[in-house]
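Enquirer: Below: sequence and its predicted model.
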Amino acid sequence: MASNPVLAALVAFGIVVGAGCAAPPSDEDVGGSEGAASASAPDAGVVSDEAARRFRAAECTTCHAFERKLVGPSFRAVAEAYAKKSISREQKIDRLVKSVRSGSRLSWGILPMPENTRIDDDEARWLVAYILDYPNVAD
């Protein structure tokens with residue numbers, strides 16, 4: 001059974017998702033003034049309270065944090081990857097909104113990102129623009 005790659009991926013997905021759901025990200029991971037900055041998240045304090053609230057409400061922080069990988073990539077990693085793309089800002093936003101709203105597969109590893117139908121396109125665009133503008137990416 002261990003040689004079946006589909007079964008192995010499903011088992012890994014269950015273990016990772018189960019582990020991710022058992023310990024939701026802390027305020028420190030998400031940011032906002034209610035989360036204290038630490039050595040492990042040096043820029044967490046630069047995330048506005050409004051952004052922290054909106055990312056939580058959209059349930060993005062179930063799988064993502066600003067400065068470290070959880071189940072999915074950190075928002076910093078997404079911003080850095082998209083900063084290197086030779087397409088317009090609007091195209092970057094459109095691609096990321098599509099990934100948020102429709103989900104994606106094999107973009108950041110074997111675990112798929114589920115679709116997010118909890119938010120409308122305007123909210124998805126705001127969240128994605130915030131990620132692309134995340135502080136210190138260009139530094």
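Expert: Right, received. Where do you want to start?

Enquirer: where does this protein have low pLDDT?
Expert: Along the chain, the model assigns pLDDT under 70 to residues 1-45, 136-139.

Enquirer: Would you map the helices across it?
Expert: 5-22, 27-30, 49-57, 75-83, 89-102, 121-132 (DSSP state H).

Enquirer: Show me what counts as buried in the last one.
Expert: Read it as helix 121-132. Buried residues in helix 121-132, counted by 16 or more other C-beta atoms under 10 Å: 123, 124, 125, 126, 127, 128, 130, 131, 132. Yep, even glycine has a C-beta here, placed from its N, CA and C like the rest.

Enquirer: Contact partners for the second one?
Expert: Yep, that's residue 124 we're talking about. 58, 97, 100, 101, 116 (C-beta atoms under 8 Å, 6 or more residues apart in numbering).

Enquirer: before we move on, the earlier item: want to throw the buried residues of helix 121-132 into JSON lines with distance to residue 63?
Expert: Shown next, in JSON lines, are those (distance: C-beta to C-beta, whole Å):
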{"residue": "123", "distance to residue 63": "17"}
{"residue": "124", "distance to residue 63": "15"}
{"residue": "125", "distance to residue 63": "20"}
{"residue": "126", "distance to residue 63": "19"}
{"residue": "127", "distance to residue 63": "13"}
{"residue": "128", "distance to residue 63": "15"}
{"residue": "130", "distance to residue 63": "16"}
{"residue": "131", "distance to residue 63": "13"}
{"residue": "132", "distance to residue 63": "18"}
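
Enquirer: how near is the nearest residue to residue 108 once chain neighbours are set aside to residue 122?
Expert: Spatial nearest neighbour of residue 108, excluding adjacent residues (C-beta to C-beta, 6 or more residues apart in numbering): residue 73 at 4.8 Å. From residue 73 over to residue 122 the distance is 24 Å, taken as C-beta to C-beta, to the nearest Å.

Enquirer: Of the contacts of residue 124, which is the most crowded?
Expert: If you count neighbours using other C-beta atoms under 10 Å, the busiest of those is residue 100, which has 22 neighbours.

Enquirer: how close does that residue sit to residue 74?
Expert: Here the criterion is C-beta to C-beta. By it, residue 100 lies 15 Å from residue 74.
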